[in-house]
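S.K.: Please find the sequence and the predicted model below.
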Amino acid sequence: MTAKLFEAGLDITVEQWRALIPCYKHDGLTQGQLCEIMSQEKTGVSRLVSALENRGLLRRESSKEDRRVNFLFITDAGRELMEASFDPVLAVLINTVKDIDPAELAICQRVLWKIITSPDREENLLRNVECCR
């Protein structure tokens, strides 16, 4: 997928793109929450966030109550990049599943969604965002 993003003129890796998605959807996540969403270690996410911040796609803001906590906010440049990426990413996804029976794909998606998330995971994450501000 990285090649398709580059072909579309988007200078971003899949890993960086994956880190921007939750920030695009829920501005103000903490780095810890992003780690949980991405199911990745803190050091890896910290490197991704630093790279995105250096490129002007994200900004960090320290919590007033606890300086160890950083909130992540997507910048206008980050939003523009995400919005420009939707069509190329969708094209890759459509091409990936084009030979799969739609009924089987629907079953697969439901099963994967159950594996990836618990019923209240996103709600708890969003509640924690509000509590931490």
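M.R.: Yep, that arrived.

S.K.: Any figure for the gap between the nearest residue to residue 13 once chain neighbours are set aside and residue 108?
M.R.: Using CB to CB, 6 or more residues apart in numbering and skipping the chain neighbours, the partner closest in space to residue 13 is residue 2 (5.5 Å). Any C-beta I mention is one placed from the backbone N, CA and C, and that applies to glycine too. Note on residue 2: its distance to residue 108, by CB to CB, to the nearest Å, is 24 Å.

S.K.: same question, residue 48
M.R.: 28 Å.

S.K.: in the protein, which helix or strand is least confident?
M.R.: Sorted by mean pLDDT, DSSP states H and E, the helices and strands of the chain end with helix 121-132, the least confident at a mean of 56.

S.K.: Name the residue closest to the centre of the chain, please.
M.R.: residue 21 (2.8 Å; CA atoms, centre = their mean).

S.K.: Mind checking the pLDDT average for stretch 25-36?
M.R.: The average pLDDT for stretch 25-36 rounds to 92.

S.K.: Give me the buried positions along it.
M.R.: Across stretch 25-36, burial judged by 16 or more other CB atoms under 10 Å covers 26, 28-36.
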